[in-house]
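Participant: Next one to model:
(2 chains)
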There are 2 protein chains.
Amino acid sequence: MSLLDTETKTSIEKLLTYPANTAGSLMTTEFVSVPSSWTIEQTLQHVRVVERTRETIYAIYVLDPHRKTLQQVVTLRRLIAGEPQASILSVARNAITTTPLADGEDVARLISKYDLLAIPVVDEKAHVLGIVTVDDIIDAIIEEGTEDVQKFGGMAAIDEPYMQIGFGKMLYKRGGWLSVLFVSEMLTASAMQYFQSELEKAVVLTLFIPLIMSSGGNSGSQATSLLIRSLALRELRLGDWRHVILRELPTGLTLGAILGIIGVVRIAVWQNFGFYDYGEHWMLVAATVAVALVGIVTFGAISGSMLPFILKRVGFDPASASAPFVATLVDVTGLVIYFSVALVILKGTLL
Amino acid sequence: MSLLDTETKTSIEKLLTYPANTAGSLMTTEFVSVPSSWTIEQTLQHVRVVERTRETIYAIYVLDPHRKTLQQVVTLRRLIAGEPQASILSVARNAITTTPLADGEDVARLISKYDLLAIPVVDEKAHVLGIVTVDDIIDAIIEEGTEDVQKFGGMAAIDEPYMQIGFGKMLYKRGGWLSVLFVSEMLTASAMQYFQSELEKAVVLTLFIPLIMSSGGNSGSQATSLLIRSLALRELRLGDWRHVILRELPTGLTLGAILGIIGVVRIAVWQNFGFYDYGEHWMLVAATVAVALVGIVTFGAISGSMLPFILKRVGFDPASASAPFVATLVDVTGLVIYFSVALVILKGTLL
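Facilitator: Okay, here's the model as predicted:
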């Protein structure tokens, strides 16, 4: 097995060079492999000898005796159930394999789908570089889940427990995105400045700005969280974006209409029960709020659902999309939609 | 093994009654158990016979011959490495166990921590009810991850792929939370009405409302995502909330100060380069924005980090806290902070 040992050494060196969370970075080189010319008895004997030095012996890789390429795989349970004198190939089957640069989540999906205990990582010539075992993949999935939630929360992922991370590092991980979002959100101030004469004429409009803007952000945040996971789980592919728009459009319009109705009811109740006076044109104000809500919630749903596709298209992880990022994106457009609707509906009365 | 079969039947009936995502609902009753009086040879023989009818044979549970309670566990790799005539107990070791109502994520953590391929689920009398295998737990973790991201995005978790869920169900899962958030956010309109005279006197204040409010929401969203995961991974316990406040207070103050400085610079640049005229008291307006930002970002960090603790304390899943929920919570308070700061700083000039 001297050739294997040389390969192992090379593999260990390579291990250190694979990007984080790829099959190559998660794999171990401590696996069992035997030539396909062996019998079950010989293999079992070998397994007993090397058992202590291998991370797992539950999957044994059967190699071509000459080219050392992966031929098949035998699970330990099939091995002990087989006839001792039979060829190892009598209990072997074709192997599900992966490549060193495969994404950790994709490897997890393969392991889960085929109920594997380990998956061999092979190069283009079918040499086994290492194996990813099921317990390593569990750690990787849990870590990935943590990173995804943190990124979705609008910060850089941290890889240390909350109480252990230093104050400076914590500031760096949170302050970076917070500043980027703040600077982007400054566009809302510019949008408001642009509509300043409308603001001065109809102060009543400002009352609903936070309400309307946040609804767009919430609608977008929902759509983004849905699509991030659908893309991560490979339920959807990049080319499916058209189908998604066709679903988000009616969904957004309906959700916007529901909120619009709630908004109109609220304004009507406050006006007619004397809680607040929105002025003589309160019905037009209510109509402005309702129409703007339909537009903004729909825009939120569409842009929130497209963001993960766009990120994936330009080569980023779709999970980089965050709720605050979507909210910021929708806020500026939301203001423009709101004031544009107001200009149309309130022209000649308030504006 | 007739007694085992009776137990198996009972277990299968019980399986259907355990709540979703508990060890009881994830377990299988197809495991291998042998009496502790057997030898390794006898056990191997038995394993070969029953192999085809068991979900896993990689962990074999050693039971007390009379009381049928769990004594120890043997892995298949230790079994095949052992002396055939020796007692099964010579290769067995104490078992890590779990209970039927244990949370799926806790089971995953145990399996991951001890590198297990399966974990036995035992009742209070140490009878094995079933086992949770590593591949079932992977599915559970991935599903849980999807639900957590969706809930954090502000919607009810859906258990079907995006393109397969019906239109009505999609509306229900999203519209429910969206309406609740909308109704809560109506408090912002009430807050604005309360400060209406200030709004009319100083329209310039309205320009920064979206900017300031969104920063509080973003800060809160970051803190919530951090703490949800820390609690889920058991890095922090319920009693640690005081330590968290002591970390979030300086973090929030510093992050708020950073954004405050950016805000002041922006206002000063726009004012002095003639992009916009904030009036003769522009420096006081800038000071109002900066002080309000420090207050709101700090409030966001504190309330965002405490929300998962509060949810856990009252018996909810901390992962029910969502970015839109935190943003809504912070929005109303943010407005009150902003106008209160304005009343103090701008008294006698603009207000």
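Participant: When you work out contacts or count neighbours from here on, use the C-alpha atoms and nothing else.
Facilitator: Fine.
Participant: Which segments of chain A make up each domain?
Facilitator: With domains defined by automatic domain parsing, chain A comprises A:2-149, A:167-346.
Participant: chain center to the first one: distance?
Facilitator: Between the mean C-alpha point of domain A:2-149 and the mean C-alpha point of its chain there is a distance of 27 Å (Cα atoms, centre = their mean, to the nearest Å).
Participant: does any part of it sit near chain B?
Facilitator: Yes. Counting by Cα under 8 Å from any Cα of the partner chain, contacts between domain A:2-149 and chain B involve A:48-49, A:51, A:57-58, A:77, A:80-81, A:108, A:111-112, A:115-116, A:134-136, A:138-139, A:141-142, A:145-146, A:148-149.
Participant: Buried among these? Make that a ChimeraX selection.
Facilitator: Under the burial definition 16 or more other Cα atoms under 10 Å in any protein chain shown, those of the residues of domain A:2-149 next to chain B that qualify are selected in ChimeraX by:
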select /A:48,51,57,58,77,80,81,108,111,112,116,134,135,136,138,139,141,142,145,146,148,149
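Participant: pLDDT weak spots in chain A?
Facilitator: Chain A contains residues with pLDDT under 70 at A:1-16.
Participant: which residues in the stretch 101-250 of chain A form helices?
Facilitator: A:104-113, A:134-152, A:167-194, A:196-201, A:209-232, A:241-272 (DSSP state H, counting those that start in this stretch).
Participant: Comparing those, which comes out most buried?
Facilitator: Comparing those by mean neighbour count (mean count of other Cα atoms under 10 Å in any protein chain shown), helix A:209-232 comes out on top with a mean of 28.
Participant: same for that helix, what does it pack against?
Facilitator: The contact analysis (3 or more Cα pairs under 8 Å, 6 or more residues apart in numbering or on different chains; DSSP states H and E) places helix A:209-232 against helix A:282-313, helix A:323-346, helix B:134-152, helix B:167-194, helix B:209-232, helix B:323-346.
Participant: Alpha carbons of it, as CSV, please.
Facilitator: Taking Å, rounded to 0.1, in the frame of the first residue of the first chain, the C-alpha atoms of helix A:209-232 are listed here in CSV:
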residue,chain,number,x,y,z
ILE,A,209,-44.1,57.2,6.0
PRO,A,210,-42.7,54.7,8.6
LEU,A,211,-45.8,52.5,8.3
ILE,A,212,-45.6,52.3,4.5
MET,A,213,-41.9,51.9,4.3
SER,A,214,-41.6,49.2,6.9
SER,A,215,-44.4,47.1,5.1
GLY,A,216,-42.3,47.1,1.9
GLY,A,217,-39.2,46.0,3.9
ASN,A,218,-41.2,43.3,5.7
SER,A,219,-42.6,41.9,2.4
GLY,A,220,-39.1,41.9,0.9
SER,A,221,-37.6,40.2,3.9
GLN,A,222,-40.1,37.4,3.7
ALA,A,223,-39.5,36.9,0.0
THR,A,224,-35.7,36.9,0.4
SER,A,225,-35.7,34.4,3.3
LEU,A,226,-38.0,32.1,1.2
LEU,A,227,-35.8,32.3,-1.9
ILE,A,228,-32.4,32.0,-0.1
ARG,A,229,-33.5,28.6,1.2
SER,A,230,-35.1,27.4,-2.0
LEU,A,231,-31.8,28.2,-3.8
ALA,A,232,-29.7,26.7,-1.1
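Participant: Fine by me, thanks again.
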